[in-house]
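**Q** Make a model of this:
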Amino acid sequence: MRFNSIRFKASVLYSTIQIIILVVFSAVVFFSVRAMLYHDLNQDLKIKAEEVAGILSAYQQVQRVKEYPVRQILGILKGEGAAASQKMIIDELWRSQLEVLNLKNDFINILNINGRAVLSSNNFKKNVEDLFKKQFPFVQNDVIYKTLTSEGYQLRAINLPIKFYDSPLVIQIGTPVESISNILDGLLAFMIVTVIAFLLLTSFVGRIFVEDALRPVREVSDLANSISYKDLNQRIEEKEIDVEMKQLVTSFNSMINRLAQSFGHINEFSSYAAHELKTPLAIMRGEIELALEEDKTTEYYKNLLNGCLEEIDHMIKVIKDLLLLAKLDYKPEIFKFEKLALVPFLDEIYEHSKVLAETKKIKVRKDFPQKEIILNADKVHLRRLFFNILSNAIKFTPSRGSIDIKIALREAKCFIDITDTGKGISKGNLKRVFDKFFRVSDAQQQEESSVGLGLNIALSIAEAHGGKINVRSNLQQGTTFTVALPLA
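**A** So this is what the prediction gives:
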C-alpha cells in the first residue's frame, strides 16, 4: 500500500479515530472503576475508623472500677504516665476489640492533641510509623483520605478527628490497597488486549470498507485508461454505491458524453468542411489545368479568374458559417444580451428585405402590433437569424410571389411568422431542414427548397435566446417559419 494513496490515508485516519475512541473510552472506564473502588474503600475506612471510635467508648466500662476514674483513662490515652497494670488492661481491651472487628490487617494509630501516638495496632511498626509521619498530615478538624506509598507498602489511609470525654483525638487507619491494585491491573491488561484486538479487527474491516468505497475510483481510472477518441461509447455503470462515489461516476460519465459530443462536432466540422471545400477546389483545379493546356484568349482568362473568385467567395462563406456555428455551440459568451424593442427592430429588417426581394418582384408585407414589445436579446445575432430565414424565403419563392412577416403575443412569448409562397418542403425532408448542409437530391431540386447552414445557424441563435423555431410546409403551398422568443 502506497503512503500517498487515498486508501492508505483513509485507513490511517480510520484507525486513528478508532484508537482515539477506544483509548478515551477505556480511560473513562478505567478511571470510573478506579474512582468507584477507592470511593468504596474510603467508605470502608470511615466505617473502620468509626468502629475504632466505638472501641474507645468501651473504655468507659473501666470507669466502673473506682481505681480507674475517667481522668486517669484519659491520662493513659494521652500518654501522661500510667502504671503497667493500667496499660495492660487497656491494651487487652484494645486487642480483643481489634480481633472482633477484623481490623488485624489494618494499621491503626490514635494521636492526641499534640500529635503524639497514644494507641497503635501491634503491626504499626517503625517503618509504618515513619511512612505515616512523612506522607500523611495530622489534622485535628477535618477528615482526610490519602494513598501512602513506600517500598513494600501501598496503603489507603484516613484521618478522622473524634472527641473522647471532650478531649480531641485523631484516628488514623491505613489499609492495604493490594486487592484494588490487582483489580485495576487486571482491568488495564484486559483493556489493552481488547483495544489491540478490536483495533486489528476494525482495521481489517475498515480496509475492506475503504477498498469497497474506492472501487468506483478504480473503475473510473481503468475506464479512463481504456478510452480513446476511437471509442467514446463506454460508460461506468451507476450501481448502488455511495452518494459521493455516485457523483464521481455521474460526473465522469457526463464528461465522456461531452467529449463524445465534442469529438462528434469536430468530426462533423471536418467532414462538412471537406465536403464543401472539395467541390469548389476541384472545379478551380480543373479549370486551371484546362487553361494551362494551351494558350487562351484574354477574355477566357478573365472568365476563369471570375469563376475562381466566385468559388473562393463560396469557400470563405462556408468557413465563416462553420466557425460561427462552432462559436454558437461552445462560446455562449459571444452573445451580448440587452433590452431590445422588437417592432422597430423588425421594421428595419422588413425594409431591407423589400430591397432584397425587389429583383424578383416579390412583395413583402408586415403585420406588426402597435404596442411595445421588449426582448432580452443580442441584436447582431438576432438580425442574422431573421435574415437567414428571409434569404431562404426570397431564394425559393418564385417571381411575383409574396412573403408575410407577422408578430403575435401568447403566454409571455412573441411569435414571429415568416410565410412565403414558394414551392414548399416535402414531409420527408421537413424534419431535416435544420440539419447542417442538408440538401435535396438533384431530381427534387426543381420542386422543393434546398437548405444549407443558414437555418442551422438560425436555430442555434434562437436556442441561445431561450427560444425555438418551428416550420410548417406543404409542396406547392409555401412554407411558414415561426420563431418563438421569450419576452423580457
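**Q** use CA for all of it now, contacts and neighbours both
**A** Fine.
**Q** Check which element follows the strand or helix carrying S262 along the chain.
**A** Assigned by DSSP states H and E, S262 belongs to helix 243-293. Counting by DSSP H and E, the next helix or strand C-terminal to helix 243-293 is helix 298-330.
**Q** ok and that following helix relative to helix 243-293, angle-wise?
**A** Interaxial angle of helix 298-330 relative to helix 243-293 (axes from the mean of the first three to the mean of the last three Cα atoms, to 10 degrees): 180 degrees.
**Q** and helix 298-330, which residues are buried?
**A** 304, 307-308, 311-312, 315, 318-319, 321-322, 324-325, 328 (16 or more other Cα atoms under 10 Å).
**Q** what's the answer for stretch 202-209, then?
**A** Within stretch 202-209, the residues that count as buried by 16+ other Cα under 10 Å are T202, S203, G206, R207.
**Q** before we move on, the earlier item: off-centre distance for the helix holding S262?
**A** 38 Å (Cα atoms, centre = their mean, to the nearest Å).
**Q** State the mean pLDDT of it.
**A** Across helix 243-293, the average pLDDT comes to 77.
**Q** follow-up on the earlier one: Throw the buried residues of stretch 202-209 into CSV and include pLDDT and secondary structure, thanks.
**A** Shown next, in CSV, are the buried residues of stretch 202-209 (pLDDT from 0 to 100; DSSP: H, G, I helix; E, B strand; the rest coil):
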residue, pLDDT, secondary structure
T202, 78, helix
S203, 76, helix
G206, 73, helix
R207, 74, helix
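**Q** Mind putting those into CSV with distance to I171?
**A** Shown next, in CSV, are these (distance: Cα to Cα, whole Å):
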residue, distance to I171
T202, 53
S203, 55
G206, 58
R207, 60
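**Q** Check those residues and tell me the two furthest apart.
**A** T202 and R207 (8.3 Å; Cα to Cα).
**Q** Excluding covalently adjacent residues, which one is nearest to Y301?
**A** Distances taken as Cα to Cα, 6 or more residues apart in numbering put A291 closest to Y301, at 7.6 Å, once the chain neighbours are dropped.
**Q** Oops, could you answer that again for R156 instead?
**A** Per Cα to Cα, 6+ apart, closest to R156 is T147, 4.4 Å.
**Q** likewise N105?
**A** Here the residue nearest N105, using Cα to Cα, 6+ apart, is T175, at 7.3 Å.
**Q** how much space between the residue lying closest to N456 once chain neighbours are set aside and L382?
**A** Nearest non-adjacent residue to N456, counting by Cα to Cα, 6+ apart: F434, 4.7 Å away. Applying Cα to Cα, to the nearest Å, the value for F434 to L382 is 17 Å.
**Q** which of these two has more neighbours?
**A** Neighbour totals were compared for F434 and L382, and F434 leads with 22 against 17 (other Cα atoms under 10 Å).
**Q** that's a helix at the more buried one, yeah?
**A** No. Under DSSP: H, G, I helix; E, B strand; the rest coil, F434 sits outside any helix and is assigned coil.
**Q** Assess the claim that it and I469 are in contact.
**A** No. When contacts are counted by Cα atoms under 8 Å, F434 is not listed as touching I469 (9.4 Å).
**Q** Pull the contacting residues for V471.
**A** V471 makes contacts with L430, T479, T480, F481, T482, as judged by Cα atoms under 8 Å, 6 or more residues apart in numbering.
**Q** all helices for this protein, in order.
**A** For the chain, the helices defined by DSSP state H cover 6-57, 70-78, 84-100, 126-135, 178-213, 215-226, 243-293, 298-330, 342-357, 379-395, 427-430, 453-464.
**Q** Deepest-packed of those, please.
**A** Neighbour counts (mean count of other Cα atoms under 10 Å) averaged over each of the helices of the chain peak at helix 453-464, with a mean of 21.
**Q** which residue sits closest to S57 in space, ignoring its chain neighbours?
**A** Once flanking residues are discounted, S57 sits nearest to F164: 7.7 Å by Cα to Cα, 6+ apart.
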